Each structure stands twice: as structure tokens, then as C-alpha cells.
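*Asks:* just the structure for this:
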Amino acid sequence: MAVVITLDQMLLKRGMTLSELAVRVDITLANLSILKTGKAKAIRFSTLDAICRELQCQPGDLLAHDPDSVAP
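*Replies:* The predicted structure follows:
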């Protein structure tokens, strides 16, 4: 998929762990991990809103479009 998740970089910038974010957003660590690794097929806007609120960022800080990342 050409949509790339940059959650790991944002967590690093904010000095926050995935576990800490999971608690703050009230999402399971497993589901957040699926999102972080780019294996998620969808994300609810409410979840994206909560993540952005906790990381103090914009959706564009977490999502990027990279056509070169698409597997042939």
C-alpha cells in the first residue's frame, strides 16, 4: 500500500512509548502495534483524533503517501 504510517517516528519525537500511548488513547497495544507496523487496513477517525490529541500532532504527521513503497 502506498500509505505509510509514521507513528514510530512521532512517538520517538515525543519521547513516548507505544504502551503509554495505548493507555492514553484507550486502545489495545496489539491494535496500536498493527497500526504502527503499517499492517492496518483502516483506522477510525475517532482513533486518529485521539492519537493526534495525545501526540499533539496533525494527521499528516502520522500518515504519508509513498507510491514507491507499493510492492510490485
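
*Asks:* quick one, helices of this protein?
*Replies:* 7-14, 18-25, 29-36, 45-55, 59-62 (DSSP state H).

*Asks:* take the ones you listed and lay them out in a markdown table including distance to Asp68.
*Replies:* C-beta here means a position set from N, CA and C on the backbone, and glycine is covered the same way. Shown next, in a markdown table, are the helices of the chain (distance: least, CB to CB, whole Å):
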| stretch | distance to Asp68 |
| --- | --- |
| helix 7-14 | 18 |
| helix 18-25 | 26 |
| helix 29-36 | 20 |
| helix 45-55 | 24 |
| helix 59-62 | 19 |
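
*Asks:* okay, those in JSON lines with mean pLDDT and mean neighbour count next?
*Replies:* Shown next, in JSON lines, are these (pLDDT from 0 to 100; neighbours: other CB atoms under 10 Å):
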{"stretch": "helix 7-14", "mean pLDDT": "95", "mean neighbour count": "15"}
{"stretch": "helix 18-25", "mean pLDDT": "97", "mean neighbour count": "15"}
{"stretch": "helix 29-36", "mean pLDDT": "95", "mean neighbour count": "16"}
{"stretch": "helix 45-55", "mean pLDDT": "97", "mean neighbour count": "15"}
{"stretch": "helix 59-62", "mean pLDDT": "95", "mean neighbour count": "15"}
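
*Asks:* what's the spacing between Met16 and Ala2?
*Replies:* Remark: distance between Met16 and Ala2 (CB to CB, to the nearest Å) = 27 Å.

*Asks:* the two: who's more crowded?
*Replies:* Just comparing Met16 and Ala2: by other CB atoms under 10 Å the higher neighbour count belongs to Met16, 14 against 10.

*Asks:* you'd agree that one is up against Gln56?
*Replies:* No. Met16 is not in contact with Gln56 according to CB atoms under 8 Å; the separation is 10.4 Å.

*Asks:* my guess is Ile34 contacts Ala42. True?
*Replies:* No. Using CB under 8 Å, Ile34 is not in contact with Ala42; the gap is 10.6 Å.

*Asks:* so what's the residue count around Leu63?
*Replies:* Count around Leu63 with other CB under 10 Å applied: 14.

*Asks:* what pairs with it across the strands?
*Replies:* Applying DSSP bridges to Leu63 gives these bridge partners: Ile5.
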